[in-house]
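[1] quick one: sequence and predicted model below, then my questions.
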Amino acid sequence: MSEANWLGLRGRRAAVTGAGGGIGRACAIGLAAAGVEVCILDRDAAGCEGTFAEISALGGTSKVLPCDISDERAVLDAAQAAGPVDILVNAAGILRPGTLSEVSMDDWNALIAVNLTGLLLTSRAFSVGMVERGSGSLVHVASISGSNPQAASGAYSASKAALVLMSQQLALELGPSGIRSNTVSPGLVRTPMTESYYQVPGVAERRDAAVPIRRVARPDDVAEVVDRKSTRLNSSHANISY
């Protein structure tokens, strides 16, 4: 592990949802590299173990807490098992494609349950200790789709737009207790959830060409922004488009 501690996070504890892969895994690894003890939350138990192995290989400290964040009881149990945390990163999210005229109610409700209700459940459960201690940081991974609607994405754009507003409401309600709530809104990111799109011939090249730096973001790029939003140096309810 590097001795660099310029973020001032060494010795803190974080819970990261969706940490079994993609952006969540990158966030968990990035925080661990900064000296943070990480609680790995994901309903994918195998993915959790993979993240645990990568953090261990870096010499970091973490614990695996398999959890479906759409299940209130599971979230409460995970929060109890994690113990007091200083940072909560909400990176869990799913995508159920479909136009608004055709998306099934099962897909709509499943997406809202994870992308929006899950954020409420985790923020509520993990912020209890933060309120008691008078400090803490909530960082929520939103999406540029929350401000620029993504066609045929079912409830995805609506859920991310609501996530941004919920983060602002959390900042207003929890700010007096010393807790910050921020969002990070990535643009195009190549993750396991989106990889199938990039396997279509020509898609990766077209998307790279559409980005000013000619490269679609990686999960590590988003994790670097999340790490910075986890520090005490940032104000509440900020929304960063990446």
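    That came through, no problem.

[2] what sits against Met166?
    Going by CB atoms under 8 Å, 6 or more residues apart in numbering, Met166 touches 116, 119-120, 140. Every residue, glycine included, has its C-beta placed from N, CA and C.

[3] nearest to Val103, of these?
    Comparing the contacts of Met166 against Val103 with CB to CB places Leu116 closest, at 15.2 Å.

[4] and the nearest residue to Glu224 once chain neighbours are set aside, what pLDDT?
    Closest residue to Glu224 apart from its sequence neighbours, by CB to CB, 6 or more residues apart in numbering: Gly30 at 6.6 Å. pLDDT for Gly30: 95.

[5] now do the phi/psi pair for Gly30.
    Dihedral pair for Gly30: phi -60, psi -40, per degrees, to the nearest 10.

[6] rewinding a little: narrow the contacts of Met166 to those in helices?
    Those of the contacts of Met166 mapping onto helices are 119-120, per DSSP state H.

[7] would TSV of the contacts of Met166 with pLDDT and neighbour count be doable?
    TSV is the format used below for the contacts of Met166 (pLDDT from 0 to 100; neighbours: other CB atoms under 10 Å):
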residue	pLDDT	neighbour count
Leu116	98	20
Leu119	97	26
Leu120	98	17
His140	97	27
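
[8] for Val164, give me its contacts.
    For Val164, the contact set (CB under 8 Å, 6+ apart) comprises 142, 146-147, 183, 185, 239.

[9] what about the helices in this structure?
    Taking DSSP H to define them, one finds helices in the chain at 22-33, 45-57, 72-82, 105-112, 118-133, 156-174, 195-198, 203-210, 219-229.

[10] winner for burial among these?
    Per residue and on average, the most neighbours among those fall to helix 22-33, with a mean of 27 (mean count of other CB atoms under 10 Å).

[11] quick check: angle from that one to helix 219-229?
    Going by axes from the mean of the first three to the mean of the last three CA atoms, to 10 degrees, helix 22-33 is angled at 50 degrees with respect to helix 219-229.

[12] next, count neighbours for the nearest residue to Gly118 once chain neighbours are set aside.
    Leaving out its chain neighbours, the residue that sits closest to Gly118 by CB to CB, 6+ apart is Ile69, at 3.5 Å. Neighbour count of Ile69, defined by other CB atoms under 10 Å: 26.

[13] ok, Ile69 to Leu76 distance?
    Look at Ile69 and Leu76: by CB to CB, to the nearest Å, they are 11 Å apart.

[14] swap in Ala19?
    Using CB to CB, Ala19 is found at 18 Å from Leu76.

[15] which regions of this protein sit below the pLDDT cut-off?
    Under the criterion pLDDT under 70, the flagged ranges of the chain are 1-6, 195, 197, 232-242.

[16] and with 50 instead?
    For the chain, applying pLDDT under 50 flags the ranges 1-3, 233-242.

[17] so which residue is dead centre in it?
    Ala91 (1.6 Å; CA atoms, centre = their mean).

[18] list the contacts for the closest residue in space to it that isn't next to it in sequence?
    Nearest residue to Ala91 in three dimensions, chain neighbours excluded: Gly24, at 3.5 Å (CB to CB, 6+ apart). With contacts defined as CB under 8 Å, 6+ apart, Gly24 is in contact with 16-18, 42, 89, 91-92, 141.

[19] recalculate using a threshold of 6 Å.
    Contacts for Gly24 (CB atoms under 6 Å, 6 or more residues apart in numbering) come out as 16, 18, 91.

[20] same question, Val89
    So Val89 contacts 16, 27, 139, 226 (CB under 6 Å, 6+ apart).
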